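Peer 1: Just the structure for this:
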Amino acid sequence: MKSAKIISFIGLMAMTGVLFYGFTQGDFFADGGELLANPWGIVSMVDLYVGFVLFSLWIVFREKSRVHAVIWVILMMVFGFFTGALYVLIQLIRANGDMKQFFYGDREHV
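Peer 2: Predicted coordinates:
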């Protein structure tokens with residue numbers, strides 16, 4: 001569990017850094033337009049959002065509060081795996097070593 005916390009923390013820091021870099025050094029709309037003009041850019045975006053949706057399914061499954069689930073999913077769609085890394089890190093800390101708690105959240109353990 002410690003290694004999972006370290007990996008999610010490193011992912012969170014990496015995403016923080018690249019998001020900061022992108023927002024300060026790039027032009028979101030111009031660069032996005034170039035990305036979507038490239039067939040592999042489209043493939044990458046579809047791949048990315050399929051991952052966001054699949055990860056969001058897990059969030060919705062394990063969150064008891066629908067309001068919290070919706071907020072996390074919106075954050076996931078806007079900030080990507082910055083949100084995913086943050087969510088995983090928070091849930092690992094809350095689970096306190098209990099992997100069933102980590103994976104199932106407040107649901108009854110299966």
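Peer 1: residues of the worst-scoring helix or strand of the chain on mean pLDDT that come out buried?
Peer 2: The helix or strand of the chain with the poorest confidence is helix 28-36; it has a mean of 90 (mean pLDDT, DSSP states H and E). The neighbour-count check on helix 28-36 (16 or more other C-beta atoms under 10 Å) flags nothing as buried. Every C-beta, even on glycine, is put in place using the N, C-alpha and C of the backbone.
Peer 1: contacting residues around that helix?
Peer 2: Gly22, Gly41, Ile42, Ser44, Met45 (C-beta atoms under 8 Å, 6 or more residues apart in numbering).
Peer 1: packing partners for the strand or helix carrying the second one?
Peer 2: Using DSSP states H and E, Gly41 maps to helix 39-62. Applying 3 or more C-beta pairs under 8 Å, 6 or more residues apart in numbering; DSSP states H and E, one finds that helix 39-62 makes contact with helix 28-36, helix 66-79, helix 81-95.
Peer 1: per-residue confidence averaged over the helix or strand just after the last one?
Peer 2: With elements assigned by DSSP H and E, the helix or strand that comes after helix 81-95 is helix 99-104. pLDDT averaged over helix 99-104 equals 92, rounded to a whole number.
Peer 1: which of the residues in helix 99-104 are buried?
Peer 2: The neighbour-count criterion (16+ other C-beta under 10 Å) identifies Gln101, Phe102 as the buried residues of helix 99-104.
Peer 1: Could you list every helix and strand in contact with that helix?
Peer 2: helix 81-95.
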